[in-house]
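>>> Just the structure for this:
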Amino acid sequence: MKRIRFLISVLLIFSATGFGQQINVLKTVAITAGNRDFTSPQFSPDGSKILFTQSGFRGLWLYDLSDKSITQLNDHIGAGYEPVFTKDGRRIIFRVDEYRGMKKYSSMAIQTIGVKKVDYIVKNVRFLSPATRLKNESIIYRKDKDIKAYNMNRKESIQSGGVDETFAYIEGQKIVVHKNGERKELAPLGDGNYIWFSLSPDKARMLFTLAGAGTFITDLEGKVQVKLGIANAPKWSPDGKWIAYMVDEDDGHTMIASDIWIASSDGKLRFRLTQTDDSIEMFPDWSPAMDKIVFDTFDGKIAYVNIEIID
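Just a heads-up that it's a prediction; the model follows:
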């Protein structure tokens, strides 16, 4: 395994108001080794576990920070593509893909941690989006051309029109926002490929990358508030005040460098968390307590950094 070197601290940067904030990188922990090519890590809702998959999004693994154990949950095709935890962190919702000739069929599955049995919410759909978790223990997903909702506690489908929470997603080359029962299509920067989209924790702002143009924060009407520039795979911090992202380079064929950065969500402050010559760090995700950022590396490892944010 290649040795991964990190910055132990970063310089104090002052904001325009004269007040300063500092981010220190306290230590780093590599949690995987061996020959598997792991990717796409995320923290559980309580921050005690890290979920990840392998290249090709086949299967799910869970790392327990308390005893440093790794458990494989399943080996389903497609399970690692944007899975979500239930609010209590006891279950994981994911897609299962099946190929029949040249056609793909997907099912929405749910698995309790520690239990091998997998239950299904919906099966064998030609187009099925990943699930989005809502506050009331329900999920929203797209089934073919329809928006569907499912209540995890009652274990039953519910009317998506009755969902009073704002949610949004990418559809084609548009951002689609559902708010107060109304559906609105937006293209804030014109036609293009909108990727890495997410709503802020308070559901008041949108974060996305427009391929070839950079990463932006807008309001729910699509008005640009912040231009972050090159800030790929961006992720909101749980309090909405920070964005973790990667700054990567390629040679036209493959990635040749990448480091993890953090920016304030107003775009005024930027901190570089990794600075390596022999490792390529990608796809960060925040812990709920904002004291860790997990990421994968180009050679298939999962690691996290302990950080300290000083106001």
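>>> So Arg142 versus Thr28, what's the distance?
Per Cβ to Cβ, to the nearest Å, Arg142 is found 38 Å from Thr28. Backbone N, C-alpha and C define where each C-beta goes, glycine included.
>>> mind listing the strands for the stretch 201-311 of the chain?
All strands of the stretch 201-311 of the chain, identified by DSSP state E, counting those that start in this stretch, fall at 205-210, 214-219, 224-229, 232-236, 242-250, 255-264, 270-272, 281-286, 292-297, 302-310.
>>> Output the second one as PDB, restricted to C-alpha atoms.
I take that to be strand 214-219. This file holds the C-alpha atoms of strand 214-219, laid out as PDB (Å, rounded to 0.1, in the frame of the first residue of the first chain):
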ATOM      1  CA  GLY A 214     -17.300  24.700 -12.400                       C
ATOM      2  CA  THR A 215     -19.300  24.300  -9.200                       C
ATOM      3  CA  PHE A 216     -22.000  26.700  -8.000                       C
ATOM      4  CA  ILE A 217     -24.400  27.400  -5.100                       C
ATOM      5  CA  THR A 218     -27.700  28.900  -6.000                       C
ATOM      6  CA  ASP A 219     -31.000  29.600  -4.400                       C
END
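>>> who's more crowded, Arg142 and Thr28?
Neighbour count, other Cβ atoms under 10 Å: between Arg142 and Thr28, Arg142 has more, with 19 against 16.
>>> just to revisit the earlier point, the strands of the stretch 201-311 of the chain into a markdown table, with extra columns for mean neighbour count?
Listed next are the strands of the stretch 201-311 of the chain as a markdown table, based on neighbours: other Cβ atoms under 10 Å:
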| stretch | mean neighbour count |
| --- | --- |
| strand 205-210 | 21 |
| strand 214-219 | 19 |
| strand 224-229 | 15 |
| strand 232-236 | 20 |
| strand 242-250 | 20 |
| strand 255-264 | 19 |
| strand 270-272 | 19 |
| strand 281-286 | 22 |
| strand 292-297 | 24 |
| strand 302-310 | 18 |
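>>> mind checking which of the ones you listed is nearest Lys116?
strand 302-310 (22.5 Å; Cβ to Cβ).
>>> on contacts alone, who are the packing partners of the closest one?
Applying 3 or more Cβ pairs under 8 Å, 6 or more residues apart in numbering; DSSP states H and E, we find strand 302-310 packed against strand 20-30, strand 38-43, strand 49-54, strand 292-297.
>>> neighbouring contacts of that strand?
4, 6, 21-32, 38, 41, 50, 52, 63, 242, 260, 273-274, 281, 287, 290-297 (Cβ atoms under 8 Å, 6 or more residues apart in numbering).
>>> Quick check: which element contains the closest residue in space to Ile50 that isn't next to it in sequence?
Spatial nearest neighbour of Ile50, chain neighbours left out: Tyr63 (4.3 Å); criterion: Cβ to Cβ, 6 or more residues apart in numbering. Element membership of Tyr63, judged by DSSP states H and E, is strand 60-64.
>>> tilt between that strand and strand 20-30?
110 degrees (axes from the mean of the first three to the mean of the last three Cα atoms, to 10 degrees).
>>> mind listing what strand 60-64 pairs with, with the direction of each?
Sheet pairing of strand 60-64 (DSSP bridges) gives strand 49-54 (antiparallel), strand 69-74 (antiparallel).
>>> and the first one, how far out from the chain's middle?
Meaning strand 49-54. Distance of strand 49-54 from its chain centroid, counting by Cα atoms, centre = their mean, to the nearest Å, is 12 Å.
>>> re the thing from before, tell me which of the strands paired with strand 60-64 lies nearest to Thr132.
So among those, strand 49-54 is nearest, using Cβ to Cβ, at 16.2 Å.
>>> Could you give the average pLDDT over the closest one?
For strand 49-54, the mean pLDDT works out to 98.
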